[in-house]
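Trainee: Return a 3D structure for these sequence lines:
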Amino acid sequence: MKPINHDRFLRNVFSTPAHAAAMLVKFLGRQFALDHDLSTLELVPGNFVDSGHRRHEVDFLFKVKKSGGKSVYIYVLVEHQSTPFAMMPVRLFRYVSRIFEASGAENRSPRDVPEVIPVVLYNGHRKWNSPTKLSDFYDREDPMGSLEDAAVELKYRLVDLSKVSDQQIRLEGPANTHITILALLFLKHIYNEYFGSLLKEWAYYFHKAYREIQGESFLKSATYYILESTDLAYEELIDCVVPYTEPEVETLIKTTGQKLREEGRIQGRAEGREEGREDGRRAAAKALRLILKSRFHVLTEEQNSKISGADLVQLDIYLDRAFVARTADEVLR
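Mentor: Numbers count the residues shown, from 1 in each chain. Model (predicted):
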């Protein structure tokens with residue numbers, strides 16, 4: 001099976017301004033909606049992610065005007081590795097620099113330099129325990145603090161779906177849409193082995209979403225996303241959703257799922273799952289080594305070997321210790 005295609009699913013949601021605005025209000029709060037004219041929100045074409053990271057990162061750049069008229073950029077990076085990426089502030093610094101270059105900021109007057117707000121949306125297995133700003137990496141050995149103001153800083157807003165309750169996601173408001181609700185629930189629970197049971201609870205939203213802007217397109221994309229990304233079979237999806245929806249939604253889901261099955265794109269999920277777990281283990285091991293080297297500078301051959309031989313469960317335990325332990329051996333005990 002191909003890797004989970006978060007990219008196609010998310011672009012379907014974020015390409016519609018009404019749903020993108022609802023997402024941003026969820027991420028940044030109601031005050032964001034009060035301070036900005038959401039009717040001016042637009043998705044800026046292109047992406048800034050390094051080619052080697054596009055398998056587990058999707059990014060979106062939005063432009064919106066403040067109530068005073070000045071434009072602001074909102075950069076949303078969706079991180080869907082199974083474990084947090086320790087060096088995210090460094091990577092985001094690079095991406096934001098590219099946004100400044102693309103906007104021609106260096107040729108503008110100081111008052112016209114765009115404001116860029118970075119947001120990381122994370123839907124991995126374990127909670128995000130990595131730094132959210134560059135200064136978390138700095139050694140503060142200067143007792144007088146005389147150089148702190150000169151240090152480069154970048155801080156991002158983190159939306160860790162593992163910490164967001166379903167009730168919060170489902171909370172309806174003036175800027176919210178049912179498509180937004182479903183999209184976030186899907187992203188949060190896509191790895192859940194009981195995904196089918198959850199679908200029955202969410203079936204109410206399918207018909208609501210169908211009636212919204214680009215609703216038909218969204219439900220087609222959602223059907224692809226579910227069948228290509230979970231162990232749910234086509235017949236199980238029908239059983240989970242169809243009894244609770246209207247005839248139009250039933251027809252849409254059945255025809256989309258049938259097309260996928262005929263194309264052979266919902267086969268071989270078990271092999272893909274095993275490959276995905278190994279990818280997650282390698283990513284966790286890489287993240288752990290980066291953290292340990294940034295804190296303790298050098299890893300011994302024995303320490304490297306212990307990391308290489310650890311399974312994903314053990315690596316998660318090591319990662320939980322990585323920022324609080326006093327030595328690398330204490331992390332790997």
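Trainee: can you give me phi and psi for residue 73?
Mentor: Note on residue 73: its backbone torsions stand at phi -100, psi 140 [degrees, to the nearest 10].
Trainee: host element of the residue nearest the centre of the chain?
Mentor: The chain has residue 78 as the residue nearest its centroid, 2.8 Å off, counting by Cα atoms, centre = their mean. For residue 78, the host element (DSSP states H and E) is strand 71-79.
Trainee: helices or strands next to that strand in the packing?
Mentor: helix 6-14, helix 17-28, strand 57-66, helix 88-103, strand 115-122 (3 or more Cβ pairs under 8 Å, 6 or more residues apart in numbering; DSSP states H and E). (Each C-beta comes from the backbone N, C-alpha and C, glycine too.)
Trainee: List the pairing partners of that strand within its sheet, with orientation.
Mentor: strand 57-66 (antiparallel), strand 115-122 (parallel) (DSSP bridges).
Trainee: pLDDT weak spots in the stretch 51-200 of the chain?
Mentor: 139-150, 173-175 (pLDDT under 70).
Trainee: residue ranges with poor pLDDT in the stretch 201-333 of the chain?
Mentor: Using pLDDT under 70, the stretch 201-333 of the chain drops low at 264-277, 279.
Trainee: Spell out which residues make up each domain of the chain.
Mentor: 6-136+149-178, 195-262, 270-331 (automatic domain parsing).
Trainee: Just send those domains back as TSV, with distance to residue 185 too.
Mentor: Formatted as TSV, the domains of the chain follow (distance: least, Cβ to Cβ, whole Å):
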stretch	distance to residue 185
domain 6-136+149-178	6
domain 195-262	6
domain 270-331	21
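Trainee: Ok, which of those comes nearest residue 186?
Mentor: domain 195-262 (6.5 Å; Cβ to Cβ).
Trainee: Endpoint to endpoint, the closest one covers what distance?
Mentor: End-to-end distance of domain 195-262 (Cα to Cα, to the nearest Å): 23 Å.
Trainee: these two touch, right, residue 13 and residue 218?
Mentor: Yes. Under the criterion of Cβ atoms under 8 Å, residue 13 makes contact with residue 218 at 6.8 Å.
Trainee: Need the residues touching each of the two.
Mentor: Here residue 13 and residue 218 share the contacting residues 19, 179, 183, scored by Cβ atoms under 8 Å, 6 or more residues apart in numbering.
Trainee: Switch those residues over to a markdown table, and while doing so, append distance to residue 97 to every line.
Mentor: Output for these, formatted as a markdown table (distance: Cβ to Cβ, whole Å):
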| residue | distance to residue 97 |
| --- | --- |
| 19 | 29 |
| 179 | 33 |
| 183 | 29 |
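Trainee: Looking at those residues, which is nearest residue 50?
Mentor: Taking Cβ to Cβ as the measure, residue 50 lies nearest residue 183 of the shared contacts of residue 13 and residue 218, at 25.2 Å.
Trainee: Surely the closest one is in contact with residue 13?
Mentor: Yes. Using Cβ under 8 Å, residue 183 is in contact with residue 13, at 4.8 Å.
Trainee: so what's in contact with these two at the same time?
Mentor: 19, 23, 218.
Trainee: among those residues, who's most crowded?
Mentor: residue 23 (27 neighbours; other Cβ atoms under 10 Å).
Trainee: residues in contact with residue 329?
Mentor: Counted by Cβ under 8 Å, 6+ apart, residue 329 has contacts residue 303.
Trainee: what about it, helix or strand, and which?
Mentor: helix 328-331.
Trainee: Please spell out which residues along that helix are buried.
Mentor: 328, 331 (16 or more other Cβ atoms under 10 Å).
Trainee: Please apply the same query to stretch 163-181.
Mentor: Those buried within stretch 163-181 under the rule 16+ other Cβ under 10 Å are 166, 169, 170, 175, 176, 177, 178, 179, 180, 181.
Trainee: and if you look at stretch 305-315?
Mentor: 306, 307, 310, 312, 315.
Trainee: Give me the distance between the second one and residue 319.
Mentor: Between residue 307 and residue 319 the distance, using Cβ to Cβ, to the nearest Å, works out to 11 Å.
Trainee: Look up how far residue 49 lies from the nearest residue to residue 53 once chain neighbours are set aside.
Mentor: Distances taken as Cβ to Cβ, 6 or more residues apart in numbering put residue 91 closest to residue 53, at 7.6 Å, once the chain neighbours are dropped. Separation of residue 91 from residue 49 (Cβ to Cβ): 9 Å.
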